[in-house]
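> Build the 3D model from these lines:
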Amino acid sequence: MNTHLEGLQKNIREIIAGLGENIDREGLLKTPERAAKALVFLTSGYREEKEVLDDCARAIFNENVHSIVAINTIEFHSLCEHHLLPFCGHVSISFLPNKSGKILGLSKFARLVDVYSRRLQVQERLVQDISNAAWKLLKPQGLAVRIEAKHMCMMIRGVEKQSSATVTYLYRGKKEIEQSIKSEMR
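Below you'll find the predicted structure:
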């Protein structure tokens with residue numbers, strides 16, 4: 001077994017015991033192993049970033065496209081770095097290709113969303129991470145990233161607001177293009 005995984009399992013076991021639970025009861029026997037594997041998966045973005053960006057760079061095509069491209073409602077799940085609770089939602093990305101009309105294979109936008117959401121994160125940084133990567137890959141004339149998410153830290157603890165959603169936007173590029181992209185993001 002991976003010593004990194006063993007260390008996580010040991011720590012999770014201690015957390016469960018610290019909550020006053022009997023770590024040796026049947027329902028909890030495999031919980032440290034399952035939880036450790038889940039955490040490794042939910043933070044895989046740290047380890048996969050270079051591979052995903054390299055893969056995306058190989059999927060850029062010169063198509064002489066000069067219209068706005070919008071990829072809407074890419075679902076994501078992330079972990080709030082403040083409480084280690086999930087936040088989930090959708091990302092929409094719109095861009096106006098550069099003068100040579102470069103586009104990215106559509107599935108690669110989902111890969112960008114996954115690699116940056118699968119880490120301890122805050123939504124405000126997630127919108128920046130996705131925007132920075134797409135901007136660097138495509139060098140578009142304009143780009144917008146919109147994220148709408150529900151945060152478990154708002155819903156199941158603290159203020160317990162079930163219907164609240166957080167929306168973050170990031171726009172880049174020429175001002176005259178920004179308005180067109182904004183209208184596409186609504």
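> quick one: average confidence on whichever strand or helix holds Ile103?
Taking DSSP states H and E as the definition, one finds Ile103 inside strand 102-104. For strand 102-104, the per-residue pLDDT values average out at 95.
> Over to stretch 126-143?
Model confidence over stretch 126-143 averages 96 on the pLDDT scale.
> Could you state which residue of this structure sits nearest its centroid?
Using CA atoms, centre = their mean, the residue of the chain that lies closest to the mean C-alpha position is Ser117, 2.1 Å off.
> How about the contacts made by that residue?
The neighbours of Ser117, taking CB atoms under 8 Å, 6 or more residues apart in numbering as the test, are Gly45, Phe76, His77, Ser78, Leu126. All C-beta spots, glycine's among them, are computed from the backbone N, C-alpha and C.
> From those, which land in strands?
Among the contacts of Ser117, the residues falling in strands (DSSP state E) are Phe76, His77, Ser78.
> Compare those and tell me which has the most neighbours.
When neighbours are counted as other CB atoms under 10 Å, the busiest of the ones in strands among the contacts of Ser117 turns out to be Ser78, with 26 neighbours.
> Hmm, Val127 and that residue touching each other?
No - with contacts counted by CB atoms under 8 Å, Ser78 stays clear of Val127, the gap being 11.5 Å.
> Can you work out which residues contact both of these two?
Counting by CB under 8 Å, 6+ apart, Ser78 and Val127 have no contacts in common.
> ok, of the contacts of Ser117, which one's closest to Glu33?
When these are ranked by distance to Glu33 (CB to CB), His77 comes first, at 20.9 Å.
> Please name the nearest non-neighbouring residue to the closest one.
In this structure, His77 finds its nearest non-sequential neighbour in Cys88, 4.7 Å apart by CB to CB, 6 or more residues apart in numbering.
> From the contact counts, what lies against the strand holding Ile103?
Taking 3 or more CB pairs under 8 Å, 6 or more residues apart in numbering; DSSP states H and E as the contact definition, the neighbouring helices and strands of strand 102-104 are strand 60-62, helix 123-138.
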